[in-house]
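> give the three-dimensional model of this entry:
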Amino acid sequence: AAPPLSAEASPLQEVVRFAEGGAYAGEVLCRHVRLGPAILACTDARVLYLRAGSWNVQWQVPLDQIKGVEIQRDKSRVLIQTFGSRQPTAIDCGHVAVCGLVYSTLQEVRTLRSEALMGTALMQVESRRAAPALARTDIVE
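Presented below is the predicted three-dimensional model:
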């Protein structure tokens, strides 16, 4: 597993911990954007769209499933394209300026996730290099 991304100091971390009966308890809140009656919460593993007040999860998308993110300025929304789905997940932003904030937040969290995964892979490679070569005992003379 990748090391957690940098945590955001926020009371929303508790909301994430208890959302959906604790389904996301092991995840760390990295970034969030308030969108009127909703909150876009980005953890180290996924994007959650929460209804403010009730804190019900309206939808969630694992970061590893995000293929792309695009802004639809004419409709003031951001689309999340996912692998294996033709229908994108739409985030209504209410104003084109908010679209830029949502877009940059999603891209930042995707970048952080990629860097964390790359760091984990590099640590694994380095640990293999540091391990002493195993003696072969299956050679018959």
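> okay, buried residues for the helix or strand that contains Ala116 please.
Per DSSP states H and E: Ala116 is located in helix 96-130. Applying a neighbour-count criterion of 16 or more other Cβ atoms under 10 Å, one finds 98-99, 101-103, 105-106, 109-110, 112-113, 116 buried in helix 96-130. All C-beta atoms are positioned from the backbone trio N, CA, C, and that covers glycine.
> would you list those in JSON lines and tack on pLDDT and distance to Trp55?
Listed next are those as JSON lines, based on pLDDT from 0 to 100; distance: Cβ to Cβ, whole Å:
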{"residue": "Val98", "pLDDT": "96", "distance to Trp55": "21"}
{"residue": "Cys99", "pLDDT": "96", "distance to Trp55": "24"}
{"residue": "Leu101", "pLDDT": "96", "distance to Trp55": "21"}
{"residue": "Val102", "pLDDT": "97", "distance to Trp55": "19"}
{"residue": "Tyr103", "pLDDT": "97", "distance to Trp55": "24"}
{"residue": "Thr105", "pLDDT": "96", "distance to Trp55": "19"}
{"residue": "Leu106", "pLDDT": "97", "distance to Trp55": "20"}
{"residue": "Val109", "pLDDT": "94", "distance to Trp55": "20"}
{"residue": "Arg110", "pLDDT": "93", "distance to Trp55": "24"}
{"residue": "Leu112", "pLDDT": "88", "distance to Trp55": "24"}
{"residue": "Arg113", "pLDDT": "86", "distance to Trp55": "23"}
{"residue": "Ala116", "pLDDT": "78", "distance to Trp55": "26"}
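> quick one: contacts for Val78?
When contacts are counted by Cβ atoms under 8 Å, 6 or more residues apart in numbering, Val78 is found next to 69-72, 90-91, 93, 99, 102-103, 106.
> and which of the residues you listed is nearest Glu20?
Distances from Glu20 to these, taken as Cβ to Cβ, are shortest for Ile91 (19.1 Å).
> neighbours of Ala45, how many?
Using other Cβ atoms under 10 Å, the number of residues around Ala45 comes to 20.
> what is the helix holding Ala116 packed up against?
Using 3 or more Cβ pairs under 8 Å, 6 or more residues apart in numbering; DSSP states H and E, the elements in contact with helix 96-130 are strand 29-35, strand 38-43, strand 66-72, strand 77-82.
> sweet, I'm off.
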